[in-house]
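**Q** Here you go, sequence then predicted model.
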Amino acid sequence: MNGRQRTALLIGLSAIFLATLLSGGLHAAAAAITPTAPAPFTPTVTLTPEGTVYTVQAGETLSRIAQRFGVTVNAIVQANQLANPDALRIGQQLVIPVNLTLTPIPPKATISPTFTPSPTVAQATLESASPTAGGEQVTQTVLPGDTLSRFAQRHLTTVQEVVRLNNITNPDLIIAGTRLIVRAGAVTTANATPLPGQTVVPPVNPAVLYGRGVSFSLQGQDPAVIIETVISLNVDWVKLDVDWRSVQPQADIFDFGALDTVIFGLSDARIKLLLTLDNSPVWARTPQLEDGPPDDFAVFARFAGALAARYKDRVTAYQIWNEPNLRREWFSEVHKIDPASYFDLFTQARDAIKTEAPNALVITAGLASTGFNDGVNALNDRLYLQSLYDLGIARTADGIAVHALGFANPPESRCCQATEGVLTHFENRSFYFRDTIEDYRLIAEANDDQRPLWVTKFGWGTAEGASAPSADFVYMTYTTTLEQAQYVPTAFAVGQSLGYVGPMFVYTLNGCSIPDGRAEQCYFSLTSADGTPRAAYNALKAMPR
């Protein structure tokens, strides 16, 4: 990345940061509360030959119901012959003119999203390279985040030619979803000749990049139950949060029992494993008020190397730490909360892992998506990521992780228009699943990094049926259990459609049953405290392969 590109990127990141501060955006630490387990979900959706019958809940409007099911208000009005669309009553049954896939076993409900993926980069490239009838024009779709230069490069043409063919008056203004003419006749990748100074980006195979996964914790869990529950989801990947404190409670004592059982069981089932390593044990660090790194990074590197040696043929990838841009994850009297400290930890752990398991992938920690940047409690994740690139993370890491929580904003929505019923946490891009992923891609591309992003944490928490969350997590009261069940499959579809997203891990399988877990973990959980699947679990399980 040259100086001009870096300056432009930093100006853009600074603008995002300032907008976030002005809107008060902060991914705050969780309050010390323990939510009660949500009551079993009672379906309000049934299937009929005419469509789906939905029971109106308290506080709902016809607009929000239509948005939830991906249909128009007018379609519902016509299907139900409503005289007054504004006069809904609690308990009223509405026919939704679309059939959803549900698991007909109460108290569970599963929903297949109606999201239609947009073309991926690979699909667009292959389309433009396919022969057409002689003389036919070839058009391609502008993808989110495209510039005219990037669009032209992808389709083996020039900005000038695209401008000429489409009579474009402002080359700086192109709209995602627009189809532009790229050439008057057909070419193939076999005979396409790069233009002078042009770098041809090879097509990306989405089947290699994309993978569906779920994260879980092993603390206080029955390994056999975890294995059975995960396998039943039919996912490609699992992200196992390895608690260093539990595995190595003392400097000379290791407890691999539960870890062995789960890793061997899941790898035997041909499920790929990503191990996230964090949480220093008491003996390895001075302060104990919050979680943080060890005083000596070499101690952590030895632990990472020991895991790699033990599981070299069974674990596909390792992730070094979790959200080091937050004080609650990086509280230390030795190492300040900054990218340079984390880069040092990452490099030492990465070298130890590669020594024992050269084929293992080592990826960066997912950063908390936050615009807060006081240097004490949190650092802006976009600025933090750029600093890691400046330090050389592209040469050191096998992949860049992103944490893309949607707060209460639907997965396909964009900043900064609030969805009906969402009263806070919509004012900046850090609150949006898709915007966060696209921002990370922008930063990666500005640093000549074309590798797929690892979405190692995404999800939507819901407080429906649970004790009220603290003020920091009020947005969890905006999302219903049914909406959570819709958003998870839709997010997978959105990620796959982008063409540059690799493995994706929904957060979290068992957040309600983790001893001394943080409050928000239960709101996000796909299962209740007693292991009963929630609607979102069934929605994930029902997704087609």
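**A** Arrived safely. Everything numeric here is computed off the predicted structure, so don't read it as measured data. Residues are numbered from 1 along each chain as shown.

**Q** Shouldn't residue 238 be within a helix?
**A** No. When DSSP: H, G, I helix; E, B strand; the rest coil is applied, residue 238 is found to be strand, with no helix at that position.

**Q** For it, give me the pLDDT.
**A** On the pLDDT scale, residue 238 is placed at 97.

**Q** residue contacts, it?
**A** 213-216, 230, 266, 271-274, 505 (Cβ atoms under 8 Å, 6 or more residues apart in numbering). Every residue, glycine included, has its C-beta placed from N, CA and C.

**Q** helices and strands of the protein: which one bottoms out on pLDDT?
**A** Using mean pLDDT, DSSP states H and E, helix 121-128 stands out as the lowest-scoring helix or strand of the chain, at a mean of 33.

**Q** can you list the contacts of residue 238 in JSON lines and add secondary structure?
**A** Below are the contacts of residue 238 laid out as JSON lines (three-state DSSP):
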{"residue": "213", "secondary structure": "strand"}
{"residue": "214", "secondary structure": "strand"}
{"residue": "215", "secondary structure": "strand"}
{"residue": "216", "secondary structure": "strand"}
{"residue": "230", "secondary structure": "helix"}
{"residue": "266", "secondary structure": "helix"}
{"residue": "271", "secondary structure": "coil"}
{"residue": "272", "secondary structure": "strand"}
{"residue": "273", "secondary structure": "strand"}
{"residue": "274", "secondary structure": "strand"}
{"residue": "505", "secondary structure": "strand"}
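
**Q** Neighbour-wise, which one of the residues you listed leads?
**A** residue 505 (28 neighbours; other Cβ atoms under 10 Å).

**Q** beta partners of it?
**A** residue 213 (DSSP bridges).

**Q** check contacts around it.
**A** 213-215, 237-239, 274, 455-458.

**Q** try 6 Å
**A** Residues in contact with residue 505 (Cβ atoms under 6 Å, 6 or more residues apart in numbering) are 213, 215, 239, 456.

**Q** isn't the second one right up against residue 239?
**A** Read it as residue 215. Yes. In this structure, residue 215 is within contact of residue 239 by Cβ atoms under 6 Å, at 3.9 Å.

**Q** secondary structure class for residue 460?
**A** coil.

**Q** how close does it sit to residue 428?
**A** 18 Å (Cβ to Cβ, to the nearest Å).

**Q** follow-up on the earlier one: want to try a markdown table for the contacts of residue 238, with distance to residue 369 and pLDDT as columns?
**A** As requested, the contacts of residue 238 are exported to a markdown table (distance: Cβ to Cβ, whole Å; pLDDT from 0 to 100):
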| residue | distance to residue 369 | pLDDT |
| --- | --- | --- |
| 213 | 19 | 97 |
| 214 | 20 | 98 |
| 215 | 16 | 98 |
| 216 | 21 | 95 |
| 230 | 26 | 95 |
| 266 | 28 | 97 |
| 271 | 27 | 96 |
| 272 | 25 | 95 |
| 273 | 25 | 96 |
| 274 | 19 | 97 |
| 505 | 15 | 98 |
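
**Q** Make CSV from those and add distance to residue 387 to it.
**A** Output for the contacts of residue 238, formatted as CSV (distance: Cβ to Cβ, whole Å):
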residue, distance to residue 387
213, 28
214, 30
215, 26
216, 31
230, 35
266, 35
271, 34
272, 30
273, 29
274, 24
505, 25
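
**Q** just curious, which of those is nearest to residue 96?
**A** residue 214 (28.4 Å; Cβ to Cβ).

**Q** wait, what's in contact with that closest one?
**A** 235, 506, 509.

**Q** Let me see the contact set for the last one.
**A** Meaning residue 509. 214, 216, 526.

**Q** Let's see that with 8 Å instead.
**A** Contacts of residue 509 by Cβ under 8 Å, 6+ apart are 214-216, 226, 229-230, 525-527, 537.

**Q** How about the second one?
**A** Applying Cβ under 8 Å, 6+ apart, we find residue 506 in contact with 213-215, 458-459, 488, 491-492, 526, 536, 540.

**Q** hmm, back to that, compare neighbour counts for residue 460 and residue 428 and give me the winner.
**A** Counted by other Cβ under 10 Å, residue 460 and residue 428 do not tie: residue 460 has more neighbours, with 29 against 23.

**Q** For the more buried one, give its distance to residue 520.
**A** Residue 460 is 11 Å from residue 520, by Cβ to Cβ.

**Q** hang on, residue 400 in a helix?
**A** No. Secondary structure of residue 400 (three-state DSSP): strand, not part of a helix.

**Q** Any idea what it is bridged to?
**A** Bridge pairing for residue 400 (DSSP bridges) gives the partners residue 453.

**Q** Please enumerate the strands of the stretch 401-545 of the chain.
**A** 453-458, 501-506 (DSSP state E, counting those that start in this stretch).

**Q** Helix, strand or coil: sort out residue 295 for me.
**A** Residue 295 ends up coil, using three-state DSSP.

**Q** who's in contact with it?
**A** Contacts of residue 295 (Cβ under 8 Å, 6+ apart): 284-286, 332-335.

**Q** how close does it get to residue 329?
**A** In terms of Cβ to Cβ, residue 295 sits 16 Å off from residue 329.

**Q** okay, now residue 246: neighbour count?
**A** Residue 246, neighbours per other Cβ under 10 Å, totals 16.

**Q** Kindly report the same for the one 3 residues further on.
**A** Burial of residue 249, expressed as a neighbour count using other Cβ under 10 Å, amounts to 13.

**Q** which residues touch the nearest residue to it once chain neighbours are set aside?
**A** Leaving aside its sequence neighbours, residue 249 sits nearest to residue 281 (Cβ to Cβ, 6 or more residues apart in numbering; 6.1 Å). For residue 281, the contacting residues are 244-245, 248-250, by Cβ under 8 Å, 6+ apart.

**Q** Let's see that with 10 Å instead.
**A** 243-251, 253, 294, 299, 303 (Cβ atoms under 10 Å, 6 or more residues apart in numbering).

**Q** do the same with residue 369
**A** Per Cβ under 10 Å, 6+ apart, neighbours of residue 369: 20, 25, 27, 323, 325, 380-382, 402-407, 428-433, 435-437, 439-440, 457-458.

**Q** at 8 Å instead, please
**A** Contacts of residue 369 (Cβ under 8 Å, 6+ apart): 27, 381, 403-405, 430-431, 436.

**Q** re earlier: figure out which of the strands of the stretch 401-545 of the chain is closest to residue 315.
**A** Closest among the strands of the stretch 401-545 of the chain, using Cβ to Cβ: strand 501-506, at 13.4 Å.

**Q** and the angle for the closest one with strand 453-458?
**A** 10 degrees (axes from the mean of the first three to the mean of the last three Cα atoms, to 10 degrees).

**Q** Which strand or helix spans residue 181?
**A** For residue 181, the host element (DSSP states H and E) is strand 179-183.

**Q** What is that strand packed up against?
**A** strand 138-141, helix 159-166 (3 or more Cβ pairs under 8 Å, 6 or more residues apart in numbering; DSSP states H and E).

**Q** pLDDT of it, averaged?
**A** The average pLDDT within strand 179-183 is 82.

**Q** For that strand, which residues meet the burial criterion?
**A** 180-183 (16 or more other Cβ atoms under 10 Å).

**Q** what pairs with it, and is each one parallel or antiparallel?
**A** In its sheet, and by DSSP bridges, strand 179-183 pairs with strand 138-141 (antiparallel).

**Q** re the thing from before, can I get the contacts of residue 509 in CSV with distance to residue 97?
**A** CSV is the format used below for those (distance: Cβ to Cβ, whole Å):
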residue, distance to residue 97
214, 32
215, 36
216, 38
226, 40
229, 35
230, 36
525, 33
526, 29
527, 32
537, 27
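
**Q** With respect to residue 349, which of these is nearest?
**A** Distances from residue 349 to these, taken by Cβ to Cβ, are shortest for residue 215, at 19.5 Å.
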